[in-house]
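> Return a 3D structure for these sequence lines:
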Amino acid sequence: MTTLKIHNLETAPEASKPLIEKSQKAYGMIPGLHGVLAGAPKIFEAYQTLHELFVNTSFNEEELTVVWQTINVEHACHYCVPAHTGIAKMMKVDDAVTEALRNETPLADAKLEALRNMTLTIVRNRGHVSQEDLNAFYAAGYGEQQVLEIILGLSQKVISNYTNHIANTPVDAPFQGFAWSK
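Just a heads-up that it's a prediction; the model follows:
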C-alpha cells in the first residue's frame, strides 16, 4: 500500500499555505485530497483552478455530478466516489442519479445518460471518439462546447483520482457513510 503525506497549515510548503487556507474556508475543513496536493503547490493550484473552471461551465449540478462520478467510478477512486456522493447531496442532486452512477446502471434521464456515455467514451478511448459518438451526443441536446467541457472535468479528475490512488487518501469523516468500492 502506498501513501503520501497529508499536509495541514503547519506542515504544508509555504506556497501551499494560502491554498490550504482557501480550502479550510470553503469547506470548513481541509479535505484529505487537498492536504496531499499541498505537497506540490503547483498541482494544488492547478486542481483548485480546474475545479473552479469546471463548476462554472454550461453544466448544471446534475450534469457536473454525472461527469465527475462517471470518471470517479471508471477510475475506481475510493476517495472521490464517496466525496462526490456527499457533494451531490449538498447540491440537491436526485439520489437516483447518484445511485445509478455509483452502481453503473443506466440513468433514467436520456440526456444525462448520453452525457455519461460520452464521458465514458472519452475516458475509455483516451479522447478517440467517432463521429457517430459525437452525433449521438449532439442528438441528446449537447454540443461541441460540452465535449470540450467534459475534457476539462476529466483534467480535474485525473489529478484527484490518480493522486488518491497513489496516496491511498483516507475518506474524510463527512463522507465515510458513502463508502464505495468497484
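> switch to C-alpha atoms for all contacts and neighbour counts from now on
Will do.
> Just the pLDDT at the residue nearest the centre of the chain, thanks.
Nearest residue to the geometric centre of the chain (Cα atoms, centre = their mean): Trp68, 3.8 Å. Looking at Trp68, its pLDDT reads 98.
> Now do the same contact list for it.
The neighbours of Trp68, taking Cα atoms under 8 Å, 6 or more residues apart in numbering as the test, are His84, Gly153, Leu154, Lys157.
> what's the helix or strand for the third one?
When you say that, I think you mean Leu154. helix 144-167 (DSSP states H and E).
> Show me the shaky parts of this protein.
For the chain, the stretches with pLDDT under 70 are 1.
> Val129: neighbour count?
Close neighbours of Val129, defined as other Cα atoms under 10 Å, add up to 14.
> Look at it and give its secondary structure.
Using DSSP: H, G, I helix; E, B strand; the rest coil, the structure places Val129 in coil.
> That one contacts Ile122, correct?
Yes. Here Val129 reaches Ile122: they are 6.5 Å apart, a contact under Cα atoms under 8 Å.
> circling back: adding neighbour count and distance to Leu101, write the contacts of Trp68 out as JSON lines.
Output for the contacts of Trp68, formatted as JSON lines (neighbours: other Cα atoms under 10 Å; distance: Cα to Cα, whole Å):
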{"residue": "His84", "neighbour count": "19", "distance to Leu101": "11"}
{"residue": "Gly153", "neighbour count": "21", "distance to Leu101": "16"}
{"residue": "Leu154", "neighbour count": "23", "distance to Leu101": "16"}
{"residue": "Lys157", "neighbour count": "23", "distance to Leu101": "15"}
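> Leaving out the residues flanking it, which one is nearest to Ile30?
Leaving aside its sequence neighbours, Ile30 sits nearest to Gln24 (Cα to Cα, 6 or more residues apart in numbering; 5.0 Å).
> and the one you found, how far is that from His34?
Separation of Gln24 from His34 (Cα to Cα, to the nearest Å): 10 Å.
> more crowded one of the two?
The neighbour comparison of Gln24 against His34 (other Cα under 10 Å) goes to His34, with 24 against 16.
> Quick check: that one vs Lys5, distance?
For His34, the distance to Lys5 - Cα to Cα - is 11 Å.
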